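Peer 1: After the sequence you'll find the predicted model.
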2 protein chains.
Amino acid sequence: MSDKTRVVIIGAVALGPKAACRIKRLRPDFEVILVDQQEYISYGGCGIPYYISGDLSDIKELMTTSFHMLRTPEFFENAKGVRVRTRTRALAVDRQAKVVRLRDLVSGREEDLPYNKLVLATGSRPRRLALPGIELPGVTPVANLDHAVFIREKISRGQVERAVIIGAGAIGLEMAEAFTDLWGIETSLVEICPQVLPGVLDPGLAQMVVQHLQEKGVNLYLSEKVQEIREGQEEGALKVITSARELPADLVITAVGVEPNADLAREAGLRLGPLGGIAVNEYLQTSDPDIYAGGDCIENHHLLSGKPVYFPSGSLANRQGRVIGTNVAGGRATFPGIVGSFALKVFDLALAGAGLSLAAARQEGFDAVQALVVQSDRAHFYHTQDLLYLTLVCDRRTRRLLGVQGLASNGDALVGRIDSIAALLQHGGTVVDLSNLEVAYAPPFAAAMDIVNALANTAENILDGYNQTAEVEDFRRDFLGGAADVLCLDVRAPANARPFLERFGPRWLNIPQETLNDRLEEVPRDKDLLVVCNSGVRSYEALRQLQAAGITRAYNLQGGVAALKKSGAVSLDEPEE
Amino acid sequence: MSDKTRVVIIGAVALGPKAACRIKRLRPDFEVILVDQQEYISYGGCGIPYYISGDLSDIKELMTTSFHMLRTPEFFENAKGVRVRTRTRALAVDRQAKVVRLRDLVSGREEDLPYNKLVLATGSRPRRLALPGIELPGVTPVANLDHAVFIREKISRGQVERAVIIGAGAIGLEMAEAFTDLWGIETSLVEICPQVLPGVLDPGLAQMVVQHLQEKGVNLYLSEKVQEIREGQEEGALKVITSARELPADLVITAVGVEPNADLAREAGLRLGPLGGIAVNEYLQTSDPDIYAGGDCIENHHLLSGKPVYFPSGSLANRQGRVIGTNVAGGRATFPGIVGSFALKVFDLALAGAGLSLAAARQEGFDAVQALVVQSDRAHFYHTQDLLYLTLVCDRRTRRLLGVQGLASNGDALVGRIDSIAALLQHGGTVVDLSNLEVAYAPPFAAAMDIVNALANTAENILDGYNQTAEVEDFRRDFLGGAADVLCLDVRAPANARPFLERFGPRWLNIPQETLNDRLEEVPRDKDLLVVCNSGVRSYEALRQLQAAGITRAYNLQGGVAALKKSGAVSLDEPEE
């Protein structure tokens, strides 16, 4: 081994290349070697669904820089001064001797590569389903470029008329869009949990996604367990047997999540965390200070729960790659933890969030409260305006922000709001901080009282006891369920209320908000009232009027008719106001 | 006066109505009276340019709620329980007696209205130009609905072929778009300063706006002083005489900023700030604790400079209205200060920013550094990607963030980034905080290393001395100016460099970055080198290679050819890479 400091990096997608290039920019005198068992490296794995969908014409687009240079081993050698060994597997790390045992997967030759510093960027692997038939041809996860090419080629050859996707997490939903939208494949999505994006998305928002998937023609089977995959009658045909049905398929995608690829670390005696990922400190060092790790193979510290969290993300991997690069080069950069920001496109809907969902917050022991606001993403009079649906979770005692989630057609407008709240979540922000968040305002881009501020104000009104709320789920269960002592009080104009009056009869009352103070005697005091307007703003106003009149069994339906419709709880034609 | 607590609010646009409604929701037992000298109240003044442009067909759209209810005095009475007196001027406040002297502008009748709490929401007025001819018909500011209707009717009647706008601030630019885009009016914009948005926008970004205005056919005259407005030959025709030319016009817009309407407060003996606005504490109380003030008539505390700042904004007014409403109702809400977030649409460009510009930061005594990053607003392989241009200002010593500004075609993508950085600016965030900002990531909405993170990383590289930078202005002055010892080193592919080589000859060198380490002997060591690529990323890589080889007179041109082109410094046709 030469006099040079040698850095060996295991894994050459996302974190590995990022760390390698950073190290070489800071310390051109270091020798940096990237090792990967695959042939293709440094590709945008998150872009695979857009290659499969046909949005990208060539898989090479996932392997180029923003200026169209292919990120090959030669590119890393020449442009970055980084040596690359592909098709090379790291078999073991001898921490005493400071060598990595490598096997060349082409020649089969093995060798020991000494290192001064080692970076583990071994990523994640798809979780395996223990299922009869899982090994049949035509059953595949979507975890690397080989899978991507296999799937797209099968589709391009016209061999896929029907596809079944197992798992309605992020990848499952992206694949449902990829199959249906352009290719017109009849797609079924089977999920064992009762909602899409289980454990991630608020159930109320998840119901809106379900509604959208159904509008787009995806066959969605929730609360169904896949029991077996069998060969079908024709050659190449498959059958997916669930707890409730049999689904014929030409292609079956398994998308039941990923788990950390931490075998190498474990076998080297490095400390793992309780979730199976490599444990690291805030400098992203493992229990061996000469070995760093980041990206999908580690566990992160959750800034809101204070606990370890497994959160694989290409964006985290890149940011952690820079921190590791800085530290390997002799710096002291820190990575304090995460709040779990995410975004996802599902057909024409964008979803995004950061922090804890209401369920997760309660599970962590917080006395958590949730506000829902439905509001235009810019001035309501500006012609491109569209609705954003945002939920905010906060802690009743401290008023600390715990999480935000939302959906919208305009993903940029949504993600911008989520990011601004994520910044507060990362730094212990409170509801008051969000109420005062100083958004950049002009009518084409924001509302004068923007939805992020309105969200905090709504939460504050709930915490202060002014806004006593009900949710779409309450409407479904109690009102649609026919509970005799639950009525709806619609405070919109009669023209808007008419179809509801026709459908629901005397259980649907209509008193426009601006007439309510004069008609208080018409309001029943012996029933629970779900107060309803289009979005939840006028109904809050009405709620305060009812409370002032001593009518206490009244609840503001958060999100109003907009939320009812978006989640499919009602589907009545109303005149445009 | 009854037993009820009476709140009188002077001014019924933005802050006034917001405070009034909040008070009534919290304290239905309070009597709240809104007073305004105009006939129309509670309109969206920021939307006036979109009414003039024709985007809005009816002025009523600026006076309706998001559910199309007209915000008339009757609406406030019935829906909000707020009494409204329009066409009523507040003449004086007697703080001893706690009465406001009012004059009914229709009947001329005067009366004293007693108050328990008073809210001053008197707003701003357009700054007047002391200019011969300023009173001529056809010369008008754009400050209220009457002006808006006057201008649009004049245009609709076909009476405006040529317009002159005096002042290239926000309103001036919005009016230039409104006149040119749909109506096709030949529009001239005269600005006394050498840039558009003087005192607000970074000069480098301002130059990009100039380029865009010129592409859109606006006649822009910078560094020109308007000296006089004269009547023209034909009836209704005008001539605007500047220090350099004579501009014929059918309509002249004065848009030279606004000043606080603080006369009533001053005459009542309330304390004003150094900039002429009403001084308030963090509860938005004036020097008289029973009198609150907010919106365009007050001075704010700037969280970054620590000094008073005058920053009129419809968004601030709304947020401050809520704080005042809470406090008048007995609460203790605070408004800690501002960072000066702004956004603006100018034709197809969106501009936005928050915090201090580089010039402002230096004026405040900061040792300020500026980074510029040009990067896709989402994954560069995603089909809807477009470039964002963002600058970040930070303090060298503390690494505290001081400001961000940017422009883009996609305003939502831009404003989202600005808002997320504004959240950090409001809370003393540093460059490291921004480097770790956890943006929500998916290829359709963000890059894996998003531009906000890249911006912090670039700033850090500058602060650490790795990235020695040059700006477009240096390129213009030194390279285009012909300085003999300044060369450009283009590290892109030969095909991209070719038109530059043809135009600039031997002063433009081309060594692709990936070949640089092998061709270092071709690089002159006795010249200043502006290292250039498309965006500033490869040129930074090249800069580090040059530095490692002991070549120190090299400077990374921030923003690269993208910034040169966007600001019109070069306009060469290049092949698409």
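Peer 2: That came through, no problem.
Peer 1: switch to C-alpha atoms for all contacts and neighbour counts from now on
Peer 2: Noted.
Peer 1: Now do whatever residue of the stretch 1-150 of chain A ends up closest to chain B against A:A14, distance only.
Peer 2: Residue of the stretch 1-150 of chain A nearest chain B, by C-alpha to the nearest C-alpha: A:A79 (3.9 Å). A:A79 sits 17 Å away from A:A14, going by C-alpha to C-alpha, to the nearest Å.
Peer 1: These two - which one has more neighbours?
Peer 2: Comparing A:A79 with A:A14 by neighbour count (other C-alpha atoms under 10 Å in any protein chain shown), the higher total belongs to A:A14, at 28 against 20.
Peer 1: quick one: low-confidence ranges for chain A?
Peer 2: A:1-2, A:573-577 (pLDDT under 70).
Peer 1: thought the residue of the stretch 1-150 of chain A closest to chain B was touching B:T515?
Peer 2: Yes - A:A79 is within contact range of B:T515, at 7.2 Å (criterion: C-alpha atoms under 8 Å).
Peer 1: Stretch A:532-539: end-to-end distance?
Peer 2: 5 Å.
Peer 1: does the spatially closest residue to A:T72 that is not a sequence neighbour count as helix, strand or coil?
Peer 2: Once flanking residues are discounted, A:T72 sits nearest to A:I41: 7.1 Å by C-alpha to C-alpha, 6 or more residues apart in numbering or on different chains. Classification of A:I41 by DSSP: H, G, I helix; E, B strand; the rest coil places it in coil.
Peer 1: Any idea how many residues pack against A:I41?
Peer 2: Neighbours of A:I41 under the rule other C-alpha under 10 Å: 25.
Peer 1: Can you report phi and psi for the closest residue to chain B within the stretch 151-300 of chain A?
Peer 2: Using C-alpha to the nearest C-alpha, the single residue of the stretch 151-300 of chain A nearest to chain B is A:A170, 10.2 Å away. The phi and psi values for A:A170, taken as degrees, to the nearest 10, are phi -60, psi -50.
Peer 1: That one touches A:L344, doesn't it?
Peer 2: Yes - A:A170 is within contact range of A:L344, at 6.9 Å (criterion: C-alpha under 8 Å).
Peer 1: Show me the helices in the stretch 101-250 of chain A, by range?
Peer 2: Remark: helices assigned in the stretch 101-250 of chain A by DSSP state H, counting those that start in this stretch are A:145-156, A:170-181, A:203-215.
Peer 1: List the contacts of the most centrally placed residue in chain A.
Peer 2: Compute the mean C-alpha point of chain A, and by C-alpha atoms, centre = their mean the closest residue is A:F342, 4.1 Å away. By C-alpha atoms under 8 Å, 6 or more residues apart in numbering or on different chains, A:F342 lies in contact with A:352-354, B:439-442.
Peer 1: Let me have those in TSV, extended by neighbour count, distance to A:K4 and secondary structure.
Peer 2: What follows is the contacts of A:F342, written out as TSV (neighbours: other C-alpha atoms under 10 Å in any protein chain shown; distance: C-alpha to C-alpha, whole Å; DSSP: H, G, I helix; E, B strand; the rest coil):
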residue	neighbour count	distance to A:K4	secondary structure
A:A352	27	45	strand
A:G353	33	45	strand
A:A354	28	43	strand
B:V439	35	37	coil
B:A440	28	39	coil
B:Y441	27	37	coil
B:A442	24	39	coil
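Peer 1: Among those, which one lies nearest to A:L120?
Peer 2: B:Y441 (22.8 Å; C-alpha to C-alpha).
Peer 1: got a list of what the closest one touches?
Peer 2: A:314-315, A:341-344, B:447-448.
Peer 1: so of those residues, which ones are in strands?
Peer 2: Judged by DSSP state E, the contacts of B:Y441 include A:342-344 as members of strands.
Peer 1: and the two most separated of the contacts of A:F342?
Peer 2: Of all the pairs that those form, the one spanning the most space (C-alpha to C-alpha) is A:A354 and B:A442, at 13.2 Å.
Peer 1: Which residue ranges make up each domain of chain A?
Peer 2: When chain A is parsed with automatic domain parsing, its domains come out as A:6-125+A:259-328, A:139-256, A:342-463, A:469-566.
Peer 1: Same list, these, but as TSV with distance to B:L220 please.
Peer 2: TSV is the format used below for the domains of chain A (distance: least, C-alpha to C-alpha, whole Å):
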stretch	distance to B:L220
domain A:6-125+A:259-328	34
domain A:139-256	47
domain A:342-463	23
domain A:469-566	44
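Peer 1: Helix or strand: which one has A:R22?
Peer 2: Assessed by DSSP states H and E, A:R22 sits inside helix A:15-26.
Peer 1: after that helix comes which helix or strand?
Peer 2: Next helix or strand after helix A:15-26 toward the C-terminus (DSSP H and E): strand A:31-35.
Peer 1: other SSEs contacting that following strand?
Peer 2: Packing partners of strand A:31-35 (3 or more C-alpha pairs under 8 Å, 6 or more residues apart in numbering or on different chains; DSSP states H and E): strand A:6-10, helix A:15-26, strand A:83-85, strand A:88-94.
Peer 1: Stretch A:161-178: end-to-end distance?
Peer 2: For stretch A:161-178, the end-to-end distance is 13 Å (C-alpha to C-alpha).
Peer 1: Same check on stretch A:221-230?
Peer 2: First-to-last residue span, stretch A:221-230, C-alpha to C-alpha: 19 Å.
Peer 1: That one: how far from the chain's middle?
Peer 2: Taking C-alpha atoms, centre = their mean, to the nearest Å, the mean C-alpha location of stretch A:221-230 is offset from the chain mean by 23 Å.
Peer 1: wait, what's in contact with A:L303?
Peer 2: A:336-339, A:426.
Peer 1: likewise A:R319?
Peer 2: Residues near A:R319 by C-alpha under 8 Å, 6+ apart: A:15, B:435-436, B:449.
Peer 1: ok, so of the residues you listed, who is nearest A:E177?
Peer 2: Among these, and counting by C-alpha to C-alpha, the member closest to A:E177 is B:M449, at 24.8 Å.
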